[in-house]
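Undergrad: Sequence first, predicted coordinates after that:
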Amino acid sequence: MSITYKEYLTKRKPYQELGHILLLEMKHACLFYKPGKGKTYPTIDAIRDINQNMFGDAKVLILSTANAVKNMWYDEIVPQNILPKNTLIMSFTKAIQDSMATELQSIRWDIIVVDESHHIKSHNSKISKLVYKLTKNAPYAFGLTGTPRGNNDVDIYCQFHNLNISDWGDISYTTFVDVCCEVDQRMFNGAMIKVPTKIKEQYRAGFERNIAMYTQRIEYDDDDNMPELNINIVKIPFVPTKEYKLAKEGVLQLTDYETTLTKLTVIAKLQQLANGFVYITDECDYKKRQTHTINHNNKQDWIMTNVVAGEKRVIVYRHLEEYNQIVDILTLKNISWTDDFITYKRGKHDVLLLQCCQSESFNLQMCTKMTFYTMDYSYINFDQMLHRIYRLGQESKLQIDILVATGTVEEKIWKAVHNKKTLSDLFYSIRNEV
């Protein structure tokens, strides 16, 4: 967050005032602002108004990702003393622990804020179920995210259901899918399941009307003077090793109804091998993991040539071994680096290393270059990470380099991200290629 609440009060935009009013009027509602458009302070405006009407006794629960809790809520918001005295801020991970979940449900919260609400776009995750129970009887429930729709409109339904927005909390996932959605039939663990693909045309107008009533959607516009953004796909030479070939052939041995975990494991192994290593886990003790180096990763040569001292850059990676590869090169070149966001903002380091899932709720406008050394298949993670530097207030031309090992699963991963495909789509595209 680039300004304080006091500064915001003198500079707030008309759409932020409308967002503040929407939350107060609808009581259960969402702000879907693109990253950098400023959805936190309008929410705090609403919280402060409600707290004032309750004579300062409002009980407020704010849930978000661990990174957002640490880097934004505690580092930037709490020190300003602008939240009600009875405010509890907690990460999703901590909230779903059994004892904590029970304790949270024993309190009647007046206001519940789910920051980064795309994390409750599942209908059956622990955090989604907990938020549903907590917001069922809460007078106010607010969802905040810049990426509300990952794969299809069911993502938005799930957020509405779990936040008990309008009557959506009374419509079960099964009913919504059966009545309102077009579906694909797929085999899963030997059973046929329905996978929703989109809203049926006869329900589209009503669905959009509900979204319009209970959300405020703010996109980037010409008045924002967004800088030029250059996304460059860098093709990194790769000669398939025997290990990569064997792993790729092993995809054919998997059945059509393999679990999500199995699909993730297969894709992760292929990507590891495309980057010169593989993790081997002890079957008797999953915590024991060995790293086997297979061959030189040519991405290291690109880092050696293109990353120089004195320029601010974010380098994004997926696996710890890739982090080690990058650190070795930066150390060899005597380029200062850190993997701590708060330390980096103090300006003493040239390079910030971030895992691709560490993509939310911080501002890196001082950077003009971002390199995706590796990435996962999530469009949301990519979009969120990109908008750490490509955001309102950025004035410089931006260079985004995406390193892709040619002829490998990484080409499929980038295509899936670019086209907003699902994990299942990515898995089947790999199988079809093999």
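TA: Now that the structure is in, tell me what you want to look at. Residues are numbered from 1 along each chain as shown.

Undergrad: Tell me where the stretch 101-250 of the chain has strands.
TA: With strands called from DSSP state E, counting those that start in this stretch, the stretch 101-250 of the chain shows them at 111-115, 140-144, 181-188, 191-199, 215-218, 229-236.

Undergrad: would you turn these into CSV with mean pLDDT?
TA: CSV is the format used below for those (pLDDT from 0 to 100):
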stretch, mean pLDDT
strand 111-115, 98
strand 140-144, 97
strand 181-188, 79
strand 191-199, 81
strand 215-218, 90
strand 229-236, 94
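
Undergrad: Just name the most buried of those.
TA: Mean neighbours per residue, mean count of other Cβ atoms under 10 Å, is largest over the strands of the stretch 101-250 of the chain for strand 140-144, with a mean of 27. Quick note: C-beta positions are derived from backbone N, CA and C, even for glycine.

Undergrad: tell me what it is packed against?
TA: strand 28-33, helix 40-53, strand 111-115 (3 or more Cβ pairs under 8 Å, 6 or more residues apart in numbering; DSSP states H and E).

Undergrad: Quickly run through the sheet partners of it, with directions.
TA: strand 28-33 (parallel), strand 111-115 (parallel) (DSSP bridges).

Undergrad: relative orientation of that strand and helix 40-53 in degrees?
TA: 170 degrees (axes from the mean of the first three to the mean of the last three Cα atoms, to 10 degrees).

Undergrad: what does strand 140-144 contact?
TA: The contact list for strand 140-144 (Cβ atoms under 8 Å, 6 or more residues apart in numbering) reads 23, 27-31, 33, 39-40, 43, 46, 50, 110-117, 120, 135, 159, 163-165.

Undergrad: Mind exporting the C-alpha coordinates of it to CSV?
TA: The C-alpha coordinates for strand 140-144 follow below in CSV (Å, rounded to 0.1, in the frame of the first residue of the first chain):
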residue,chain,number,x,y,z
TYR,A,140,-21.7,-7.8,7.8
ALA,A,141,-19.4,-9.9,5.5
PHE,A,142,-17.1,-8.4,2.9
GLY,A,143,-15.0,-10.2,0.3
LEU,A,144,-12.0,-8.5,-1.4
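
Undergrad: Okay, now the unreliable bits of the stretch 201-350 of the chain?
TA: 221-224, 252, 254-261, 282-288 (pLDDT under 70).

Undergrad: gap between residue 184 and residue 172?
TA: Counting by Cβ to Cβ, to the nearest Å, the separation of residue 184 from residue 172 is 20 Å.

Undergrad: List the contacts of the residue nearest the centre of the chain.
TA: The centroid of the chain falls nearest to residue 381 when counting by Cα atoms, centre = their mean (4.2 Å). Counting by Cβ under 8 Å, 6+ apart, residue 381 touches 356, 357, 359, 375.

Undergrad: one step back: out of the strands of the stretch 101-250 of the chain, nearest to residue 88?
TA: Closest to residue 88 of the strands of the stretch 101-250 of the chain is strand 111-115 (Cβ to Cβ; 10.2 Å).

Undergrad: one step back: okay, buried residues for the helix or strand the residue nearest to the centre of the chain falls within please.
TA: Following DSSP states H and E, one finds residue 381 within helix 379-386. In terms of neighbour count (16 or more other Cβ atoms under 10 Å), helix 379-386 has its buried residues at 379, 380, 381, 382, 383, 384, 385, 386.

Undergrad: tell me the mean pLDDT over it?
TA: Per-region confidence: helix 379-386 scores 84 on mean pLDDT.

Undergrad: relative to strand 229-236, how tilted is that helix?
TA: Going by the same axes, to 10 degrees, helix 379-386 makes 110 degrees with strand 229-236.

Undergrad: and helix 379-386, how far from the chain's centre?
TA: 6 Å (Cα atoms, centre = their mean, to the nearest Å).

Undergrad: Show the subsequent helix or strand relative to it.
TA: Helix 379-386 is succeeded, C-terminally, by strand 398-405 (DSSP H and E).

Undergrad: What count of nearby residues applies to the nearest residue to residue 171 once chain neighbours are set aside?
TA: Among residues not flanking residue 171 along the chain, residue 161 sits closest, at 6.6 Å (Cβ to Cβ, 6 or more residues apart in numbering). Counted with other Cβ atoms under 10 Å, residues neighbouring residue 161 total 25.

Undergrad: go on, the one 3 residues further on?
TA: Applying the criterion other Cβ under 10 Å, we find 22 residues in the vicinity of residue 164.

Undergrad: Number the chain from 38, please
TA: Taking 38 as the first residue, the last one we looked at is residue 201.

Undergrad: for it, what are its contacts?
TA: 65, 169, 172, 173, 175, 178.

Undergrad: Going along the chain, name the helices of the stretch 138-287 of the chain.
TA: 163-172, 191-199, 210-217, 238-251, 279-287 (DSSP state H, counting those that start in this stretch).

Undergrad: ok, back up a step: so which of the helices and strands packed on strand 177-181 gets nearest residue 387?
TA: helix 77-90 (28.8 Å).

Undergrad: I'd like the next helix or strand past that closest one.
TA: Taking DSSP H and E, what comes next after helix 77-90 is strand 97-101.

Undergrad: Most distant residue from the centre of this protein?
TA: residue 92 (36.2 Å).

Undergrad: For that one, give its distance to residue 147.
TA: In terms of Cβ to Cβ, residue 92 sits 12 Å off from residue 147.

Undergrad: for residue 247, same thing?
TA: 24 Å.

Undergrad: cool, and residue 278?
TA: 59 Å.

Undergrad: As a markdown table, the helices of the stretch 138-287 of the chain with distance to residue 111 would be great.
TA: Output for those, formatted as a markdown table (distance: least, Cβ to Cβ, whole Å):
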| stretch | distance to residue 111 |
| --- | --- |
| helix 163-172 | 19 |
| helix 191-199 | 24 |
| helix 210-217 | 33 |
| helix 238-251 | 29 |
| helix 279-287 | 42 |
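
Undergrad: looking at those, which is buried most?
TA: helix 191-199 (a mean of 25).

Undergrad: Packing partners of that helix?
TA: helix 163-172, helix 210-217, helix 238-251.

Undergrad: Report the mean confidence score over the first one.
TA: So that's helix 163-172. 97.

Undergrad: Then the second one?
TA: In this model, helix 210-217 has a mean pLDDT of 91.

Undergrad: Fine by me, thanks again.
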